[in-house]
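*Asks:* Just a sequence and a predicted model for now, questions to come.
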Amino acid sequence: AYAAGKELEAERVLFAGHPVVIYSIWQWLVVVCTLGIAYIYYWVQGLSTRYEITSQRVRVEQGILSKSKESVELFRIDHFDVLKPFGMRLVGHCLLQLRSSDTNFSTVVIFGVPDLEALADTLREMREDVQSSISYAGGRKLMDIRKDYLFNTRVKRHLITAQGRGLPVVSAGFDVAPVS
């Protein structure tokens with residue numbers, strides 16, 4: 001159970017990197033009209049933004065010489081909005097707007113990330129899992145999960161699996177439903 005809890009505690013990186021340089025058809029038009037000079041501007045703009053999206057939080061780092069780092073915990077995100085402006089749709093990109101209950105970092109806008117729609121769905125599912133885990137554990141903070149949920153859920157799952165394989169099971173106070 002301890003190893004299972006540590007496995008769930010580990011923060012997995014889903015995406016880490018800079019947005020693509022050109023993420024809209026309108027940017028392509030500006031690059032063509034300026035004979036490529038605008039590409040340098042968009043390239044520097046892309047280098048100045050770095051996203052790190054993990055299983056527990058979303059971090060945005062902005063700046064080249066002076067940097068600012070902002071982070072929002074996944075369980076604080078209230079709304080996931082996937083926006084598909086016409087210019088972005090034409091080149092296969094979209095915009096993800098995350099709205100959170102964090103007063104310091106209430107809106108996060110992510111763009112120029114490959115497969116952003118699928119990433120948004122993954123984040124939404126992970127957020128729902130974390131929030132239901134917190135509620136199930138009877139708490140309001142992420143740390144409340146470790147008190148009850150991680151241990152009990154893993155132990156119950158292992159007990160049910162063992163029972164299904166015909167192994168002798170000592171339930172240790174858990175109600176284990178018979179497997180048919």
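*Replies:* That came through fine. Numbering: from 1, shown residues only.

*Asks:* count of neighbours near the closest residue to residue 85 other than its chain neighbours?
*Replies:* Spatially, and ignoring its direct neighbours in sequence, residue 85 is nearest to residue 95 (6.8 Å; Cβ to Cβ, 6 or more residues apart in numbering). Using the backbone N, CA and C atoms, a C-beta is placed for each residue, glycine as well. Residues near residue 95, counting by other Cβ atoms under 10 Å, number 18.

*Asks:* residues of stretch 104-122 that come out buried?
*Replies:* 108, 110, 111, 112, 113, 116, 119, 120 (16 or more other Cβ atoms under 10 Å).

*Asks:* which ones among those residues are found in strands?
*Replies:* The strands, defined by DSSP state E, take in 108, 110, 111 from the buried residues of stretch 104-122.

*Asks:* What strand or helix carries the nearest residue to the second one once chain neighbours are set aside?
*Replies:* Spelled out, that is residue 110. Beyond its immediate neighbours in the sequence, the residue positioned closest to residue 110 (Cβ to Cβ, 6+ apart) is residue 96, lying 4.4 Å away. Using DSSP states H and E, residue 96 falls within strand 95-100.

*Asks:* now that strand: how far from the chain's centre is it?
*Replies:* Here strand 95-100 is found 11 Å from its chain centre; the criterion is Cα atoms, centre = their mean, to the nearest Å.

*Asks:* related to what we said a few turns ago, any chance of TSV for the buried residues of stretch 104-122, columns distance to residue 74 and pLDDT?
*Replies:* Shown next, in TSV, are the buried residues of stretch 104-122 (distance: Cβ to Cβ, whole Å; pLDDT from 0 to 100):
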residue	distance to residue 74	pLDDT
108	11	93
110	13	96
111	19	95
112	21	94
113	16	94
116	16	94
119	12	94
120	12	94
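
*Asks:* Next one: residue 41 relative to residue 67, how far apart?
*Replies:* 19 Å (Cβ to Cβ, to the nearest Å).

*Asks:* Now for residue 70: which residues touch it?
*Replies:* The contact partners of residue 70, by Cβ atoms under 8 Å, 6 or more residues apart in numbering, come to 59, 60, 61, 62, 104, 105, 108.

*Asks:* As TSV, these with secondary structure would be great.
*Replies:* TSV is the format used below for the contacts of residue 70 (DSSP: H, G, I helix; E, B strand; the rest coil):
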residue	secondary structure
59	strand
60	strand
61	strand
62	strand
104	coil
105	coil
108	strand
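
*Asks:* export these to a markdown table and tack on distance to residue 133?
*Replies:* Below are those laid out as a markdown table (distance: Cβ to Cβ, whole Å):
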| residue | distance to residue 133 |
| --- | --- |
| 59 | 22 |
| 60 | 25 |
| 61 | 28 |
| 62 | 31 |
| 104 | 24 |
| 105 | 23 |
| 108 | 22 |
